[in-house]
Every structure is written in structure tokens, then in C-alpha cells.
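Engineer: Task: produce atomic coordinates for the following.
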Amino acid sequence: MIVVPRWFSAGIASAVAAYTAAYAILWIAIGRSPLTNLIALGLFGIAFGLCIARAGRASLPSTAVILGCGLSLPLLGSAGLDPVRDSYSSGAWYVSGVSCLVVMLLWRRRAAAAWVLLAALLVHTFAWGGLDALNGFGVVAAALLITVMAAGGWAVARTEHHLSSFSVAELETLEWEAAQAAYHTERQVRLATTARLASGMLQRIATAERGLTDQDRFECRLLEQTIRDEIRGRRLLNDAVREQVIAHRRRGALVQVNDDGGVDDIPVAVLDPLLERVAAAIDGLVSDRIIIRTAPRDSDKAITVVAMSSDPVAAALGIDDGEEQVDLWLELDRPVLA
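Structural biologist: Numbering: from 1, shown residues only. Below is the predicted model:
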């Protein structure tokens, strides 16, 4: 949509106001009701000044003053005029003045006051001079012109609204298509990773002639946990973390890697240093259980790492009280994204 600058609208309105004032001064100069026309010209100047004082919706006090001045113009401007003799003369300057105020009220988003002012001009002119005055003083033409202009503005506004709705719908469609494409791409990556991890073990199972050994079964369990990490761990895994997780599982520790989506908004370049810190933190641990998981999205933390072990004293005494000692509690702050 083409946006009309405020200075352009104010310039056009000022030109119309100057044209109206020129005819008013001319009518005063020839001695036709100079006092009433002078008062009407002053009221028009006050109302027009309030109209162009600032942009945006007019305040209620300003609207009331503009409306009051506009309603006074037909009463004062028509004083001393003859509905028949003065038709099509410069004495009808107040019609242009009222029309200018109506347009300015529409521009200042006070449509109710604008239509009241236009209706008052029509009613006054008809009561004062009948149908001939409505035509002779240009009131009908002005009303039709303003109505067509307002209808055009309404049509443009409706079109803009529909275009905006279509733009929002198109954007949502593009976002949905991008999400679907990302989902399918991610699925293909996971399938390829699973095939790469499982191909060796599947080949060993297929070629084993005497069944699986205990070591093969252990490797199968390790492979199943690794594949589960690739599905549930998603963005918590890089080469260093994978290496540490597999090493801890080979020594018999229980390792859980859970990505609940809390770091989905963190770019890979920012997330990698955090994963390196996770790998360094769990390197060398002898804990029985290690949990790596993302913090909630609204948290100021990004990743939480907890390592726990059974109480060695209780284990030596054969007491199973269900309590564990915490060997590591690490919370990594969520990075501030520019």
C-alpha cells in the first residue's frame, strides 16, 4: 500500500483552506455581511489549525471545538445571502470550508463527527434554500465527492487488511513447510546415523555361525543405548560427549542423555563449547549413575549434569538404604544470544 506522507496531506489541506479563505476575504471586501463572514473565517481558522496541529486520532476536546466551529460556519456564512441570487457565487465559500473540515476529521479518525458535520450542512442548506440551494451552492457535489473519497479509503483499508491476513497466512504456511522439511531432514539424518552405528553389529550377527557370545550381547546392549541416545539426546551429543558416554557404559555405569528441547534455540557454534565442558566434567568419573539433560527453555541454565554413586560405607556393611552420594553437580549457564 502507498502511504501518503503527513506533510503532503497537510499541504493539500492547507491549499484548500487558503482557497476557501481567499473567497471569504473577497466576499468580505465587497461588503457582503463583513462581520459575520469575518467571524466565520476566524472560526474556520481555529478549527483548521486544530485539525493539522498533530497527526493521529484527534482528542475529544479538539473534536468538540472543530465540530462546534464547523456547525457555526453555515449559519454565519449564509447570513446576508440570497439562496437564488447568490447561487454559484463566491459567497458559498463556507461550503468549501465545511467540506475541508469534514475531510480533516476523517483524516484524524473522527468519522462520526465528520458525518455529523456534513449532515448538518446538508440539512441547513435544504432548510434555508431548498433543493435549488443544495445544487446551486455545491453542497450535493461536495457531499458526493467526500462520500466517494471515504468509500475509496474504506475499500483501500479493507484491501490492506485482507493483504495483511494473506501475508500472515503465507508466512505461517512457509514456517510450517520449513518445519516439515526440517523434520524430514532430521529423520533422514537419524536413520542414516542408526544404520551407520548398527551395520557392523548386524553384520556380525548375520555371519555368526555359533550364536552370539557374551561379549556380543554386551555390545548389542551398548549399541541399543547408543542408538537411544541419538534419538533422545539429539543436541546433547558431539564426538567428545559420545566418547565419554561409551567409555562410562563400558565400565558398567548407567548413563542417561535426555534432550527435552531446552537448547533448540542455541546455535551449534555456541552449543559446542558447552558440550566440550560436559565431556571434560565427566571425564575420569567413577560414579555409578550419570545424567546429562537440558534445562527448561525458560531457565537461565542450559545443561545440567549430575553424577551419583552408592554410599561405599553402606555397601561395605551390606546396608541398602537407597541413598546415593552426589559426585558431580554441574549447571551450565544459558549463553546470551546477540
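Engineer: What is the least confident helix or strand in this structure?
Structural biologist: Here the helix or strand of the chain ranked lowest by mean pLDDT, DSSP states H and E is helix 312-316, holding a mean of 59.
Engineer: Next one, pLDDT for Val305 please.
Structural biologist: Reading off the confidence values, Val305 has pLDDT 94.
Engineer: what about the helices in the stretch 1-150 of the chain?
Structural biologist: 6-29, 34-51, 60-77, 93-107, 111-136, 139-207 (DSSP state H, counting those that start in this stretch).
Engineer: is it possible to export the ones you listed to a markdown table including distance to Asp260 and mean pLDDT?
Structural biologist: The C-beta positions use only the backbone N, C-alpha and C, and glycine is treated the same way. Shown next, in a markdown table, are the helices of the stretch 1-150 of the chain (distance: least, C-beta to C-beta, whole Å; pLDDT from 0 to 100):
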| stretch | distance to Asp260 | mean pLDDT |
| --- | --- | --- |
| helix 6-29 | 51 | 71 |
| helix 34-51 | 58 | 81 |
| helix 60-77 | 53 | 84 |
| helix 93-107 | 54 | 85 |
| helix 111-136 | 52 | 86 |
| helix 139-207 | 16 | 82 |
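Engineer: Of those helices, which is nearest Asp288?
Structural biologist: With C-beta to C-beta, the closest approach to Asp288 among the helices of the stretch 1-150 of the chain belongs to helix 139-207: 25.2 Å.
Engineer: circling back: mean neighbour count, the helices of the stretch 1-150 of the chain: which tops it?
Structural biologist: Comparing the helices of the stretch 1-150 of the chain by mean neighbour count (mean count of other C-beta atoms under 10 Å), helix 93-107 comes out on top with a mean of 25.
Engineer: what helices or strands is it leaning on?
Structural biologist: Where contact means 3 or more C-beta pairs under 8 Å, 6 or more residues apart in numbering; DSSP states H and E, helix 93-107 is packed against helix 6-29, helix 34-51, helix 60-77, helix 111-136, helix 139-207.
Engineer: Tell me what angle the longest one forms with helix 93-107.
Structural biologist: Right, helix 139-207. 20 degrees (axes from the mean of the first three to the mean of the last three C-alpha atoms, to 10 degrees).
Engineer: picking up where we left off before, the helices and strands packed on helix 93-107: which one's closest to Val95?
Structural biologist: helix 139-207 (5.7 Å).
Engineer: gap between the closest one and the chain center?
Structural biologist: Distance, stretch centre to chain centre, for helix 139-207: 15 Å (C-alpha atoms, centre = their mean, to the nearest Å).
Engineer: what secondary structure does Val326 sit in?
Structural biologist: strand (DSSP: H, G, I helix; E, B strand; the rest coil).
Engineer: which residues does it contact?
Structural biologist: Contact analysis of Val326 by C-beta atoms under 8 Å, 6 or more residues apart in numbering lists 306-308.
Engineer: Please tabulate those in JSON lines and include neighbour count and secondary structure as additional columns.
Structural biologist: Listed next are the contacts of Val326 as JSON lines, based on neighbours: other C-beta atoms under 10 Å; DSSP: H, G, I helix; E, B strand; the rest coil:
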{"residue": "Val306", "neighbour count": "17", "secondary structure": "strand"}
{"residue": "Ala307", "neighbour count": "24", "secondary structure": "strand"}
{"residue": "Met308", "neighbour count": "17", "secondary structure": "strand"}
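Engineer: could you dump those residues to TSV with distance to Arg277?
Structural biologist: Output for those, formatted as TSV (distance: C-beta to C-beta, whole Å):
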residue	distance to Arg277
Val306	15
Ala307	14
Met308	19
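Engineer: so can I have a markdown table of the helices of the stretch 1-150 of the chain showing distance to Ala240?
Structural biologist: Output for these, formatted as a markdown table (distance: least, C-beta to C-beta, whole Å):
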| stretch | distance to Ala240 |
| --- | --- |
| helix 6-29 | 60 |
| helix 34-51 | 70 |
| helix 60-77 | 67 |
| helix 93-107 | 65 |
| helix 111-136 | 67 |
| helix 139-207 | 17 |
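Engineer: Out of those helices, flag the one nearest Leu223.
Structural biologist: It is, among those and with distance given as C-beta to C-beta, helix 139-207, at 5.3 Å.
Engineer: Which elements pack onto that closest one?
Structural biologist: helix 93-107, helix 111-136, helix 214-232.
Engineer: That helix to helix 214-232, inter-axis angle?
Structural biologist: Using the same axes, to 10 degrees, helix 139-207 lies at 180 degrees relative to helix 214-232.
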